[in-house]
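Enquirer: need a structure here:
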Amino acid sequence: MRLPDSLRDELKVPLGFLLRDTTKENIVKHIPNDSYIITVGDATTEKMLAFGFAPSLQVVDGYEKRGKRIPPQSNATKLYCDNPAAQITQQSIDIIKQAFSSKPPIQILVNGEEDLLVIPVCIFAPQNSIVLYGQPNEGLVIVPVTHEIRNKTKNLLDRMI
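Expert: Predicted coordinates for the structure are as follows:
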């Protein structure tokens, strides 16, 4: 499924709370105990690992702000998928579902771009999930996965072509 131009501006709006002060102390305030933590993005995953968190699901692509980098190192089980820029592939959705039915931690290494995978992650995440992703040059977005978020992201996915 491809991202139509009509959705681009809508997707620039954070799905959750935008945290500008991304210190460990500030992030911890927004993550309830026993949360299933999901990170999307290399810098976000690396930051959470450096802070001593072990995200249950880490979705990375080896890029940061369009520049190639080494993916965050973690002892997570690795899964792989192809997901070209501005798309969400069925393979990516299937791997995300597989990750949620596997013993955490899991790291999905995306060949392509992981940005839009926040959408299916929010749709299929288990209860008590918190999704974290970066908002470039602004901060960290924290998304508690609620019924409302599932509906919103399902609607976004349904509007892709």
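Enquirer: use CA for all of it now, contacts and neighbours both
Expert: OK.
Enquirer: Out of the helices and strands in the protein, which is least certain?
Expert: Among the helices and strands of the chain, strand 67-68 carries the lowest confidence by mean pLDDT, DSSP states H and E, at a mean of 80.
Enquirer: residues in contact with that one?
Expert: Strand 67-68 has contacts (Cα atoms under 8 Å, 6 or more residues apart in numbering) with G62.
Enquirer: what lines up beside it in the sheet?
Expert: strand 63-64 (antiparallel) (DSSP bridges).
Enquirer: for the partner strand, the distance to its chain's centre please.
Expert: Averaged C-alpha coordinates place strand 63-64 at 14 Å from its chain's average position (Cα atoms, centre = their mean, to the nearest Å).
Enquirer: and what of stretch 107-118?
Expert: Per Cα atoms, centre = their mean, the centroid offset for stretch 107-118 relative to its chain is 8 Å.
Enquirer: Average pLDDT for it, rounded please.
Expert: Taken as a whole, stretch 107-118 has an average pLDDT of 97.
Enquirer: Check which residues of it are buried.
Expert: Q107, I108, L109, V110, G112, E113, E114, D115, L116, L117, V118 (16 or more other Cα atoms under 10 Å).
Enquirer: Put the alpha carbons of the helix or strand L132 falls within into PDB.
Expert: Assigned by DSSP states H and E, L132 belongs to strand 129-135. Provided in PDB are the C-alpha atoms of strand 129-135 (Å, rounded to 0.1, in the frame of the first residue of the first chain):
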ATOM      1  CA  SER A 129       1.500  -1.100  24.700                       C
ATOM      2  CA  ILE A 130       3.300   2.200  24.400                       C
ATOM      3  CA  VAL A 131       4.700   3.100  21.000                       C
ATOM      4  CA  LEU A 132       7.700   5.500  20.900                       C
ATOM      5  CA  TYR A 133       9.000   7.200  17.700                       C
ATOM      6  CA  GLY A 134      10.900  10.300  16.800                       C
ATOM      7  CA  GLN A 135       9.400  13.500  15.400                       C
END
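Enquirer: The least confident helix or strand of the chain: what's the following helix or strand?
Expert: Defined by DSSP H and E, the subsequent element after strand 67-68 is strand 77-83.
Enquirer: strands paired with that following strand, and their directions?
Expert: Using DSSP bridges, the strands paired with strand 77-83 are strand 106-112 (parallel).
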